[in-house]
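S.K.: below are the sequence and a predicted model for it; my questions follow.
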Amino acid sequence: MSYPPIKITFLGTGTSSGVPMIGCDCDVCTSSNKKDNRLRSSIMVETADTTIVVDTTPDFRYQMLRLGVKKIDAIIFTHPHKDHIAGLDDVRAFNYINRKPMEVYCNYLTEEALRRDFYYAFSDTRYPGVPEINLNTITDQPFTINELLIEPVLVWHMKMPVLGFRFGPFTYITDANFIEPAEQQKIKGSEVMVVNALRKEKHISHYNLEEAVALVQELEVPQAYFTHISHQLGLHDVVEKELPKGIHLAFDGLVLHL
């Protein structure tokens, strides 16, 4: 199947606390290297006709401002944790500019969280100016947005089901520490994949650096980028030199063309 050219922009590549972390004086948090400054993890996927954001982090407003984004066709959510949904209120600006509700795609767990946390957007009597949201419930089955085919990949964040997404040659996965063999098959054949690599030490619900490298190599994806990075992983330039060929640390503002 042919797929339109896509542009991927990393809006944020940090873990839930961001980097630098509040109150921390470690070498990473005090680094002058811009690649060590990480907003919470999110990407923007663009084709000639469609712009999609994956997750609205607490930094969503600033992420949109620093790129000068004027239009989003849809938002897709991976899971309901706060560092991935907290910025949804700021779609109000896009409602105003584009004169229409924001199309939002998520699984049932995330839908429950959105209805709870942003209850005022779904109330029968809504205050003027609240976000206008059109919810679309998705499962692990493929779906389309403006004829752009998107294939969910079910992964596990400890005991929580999380959705990764494959856009043609590109697969994006965040907040995972286990992927079942059948779901791994959905990733195989990707030209580029993104996966979380929180730190070097093992973690209860995230891949660590060693596990993320092993996953990429097992799936034989030729090019990979790690995201959802904490200050505990180390300095960007130091860790980058330690990685195998074809594997890199993502950083805020990185752009890929496929």
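M.R.: Sure, I can see it.
S.K.: and the helices in the chain?
M.R.: 60-67, 82-85, 92-98, 108-117, 181-187, 209-219, 236-242 (DSSP state H).
S.K.: which residues sit against the shortest one?
M.R.: By that I understand helix 82-85. 15-16, 40-42, 55-58, 77-78, 110, 113-114, 117, 174-175 (CB atoms under 8 Å, 6 or more residues apart in numbering). C-beta here means a position set from N, CA and C on the backbone, and glycine is covered the same way.
S.K.: ok, back up a step: please identify the deepest-packed of the helices of the chain.
M.R.: Ranked by mean neighbour count under mean count of other CB atoms under 10 Å, these are led by helix 82-85, which reaches a mean of 22.
S.K.: for the helices of the chain, which one sits closest to residue 3?
M.R.: helix 181-187 (14.8 Å; CB to CB).
S.K.: picking up where we left off before, list the ones among the contacts of helix 82-85 that fall in strands.
M.R.: Judged by DSSP state E, strands contain the following of the contacts of helix 82-85: residue 42.
S.K.: just the buried residues of the contacts of helix 82-85.
M.R.: 15-16, 40-42, 55-58, 77-78, 110, 113-114, 174-175 (16 or more other CB atoms under 10 Å).
S.K.: any idea how far residue 175 is from residue 15?
M.R.: 9 Å (CB to CB, to the nearest Å).
S.K.: anything in contact with each of the two?
M.R.: 206, 228.
S.K.: now for the buried ones among the contacts of helix 82-85, which pair is the farthest apart?
M.R.: It's 15 and 114 that sit farthest apart of those, by CB to CB, at 21.6 Å.
S.K.: you'd agree residue 234 is up against residue 200?
M.R.: Yes - counting by CB atoms under 8 Å, residue 234 touches residue 200, with 7.1 Å between them.
S.K.: show me which of the two is the more surrounded one.
M.R.: With neighbours defined as other CB atoms under 10 Å, residue 234 and residue 200 compare such that residue 234 has more, 20 against 15.
S.K.: any regions of this structure where pLDDT drops low?
M.R.: 1 (pLDDT under 70).
S.K.: spatially central, which residue of it would that be?
M.R.: Nearest to the mean C-alpha position of the chain, counting by CA atoms, centre = their mean, stands residue 42 at 3.5 Å.
S.K.: list the contacts of that residue.
M.R.: If you count contacts by CB under 8 Å, 6+ apart, residue 42 has them with 10, 11, 12, 53, 54, 55, 56, 57, 59, 60, 63, 84.
S.K.: now flag whichever of these is closest to residue 149.
M.R.: residue 54 (15.2 Å).
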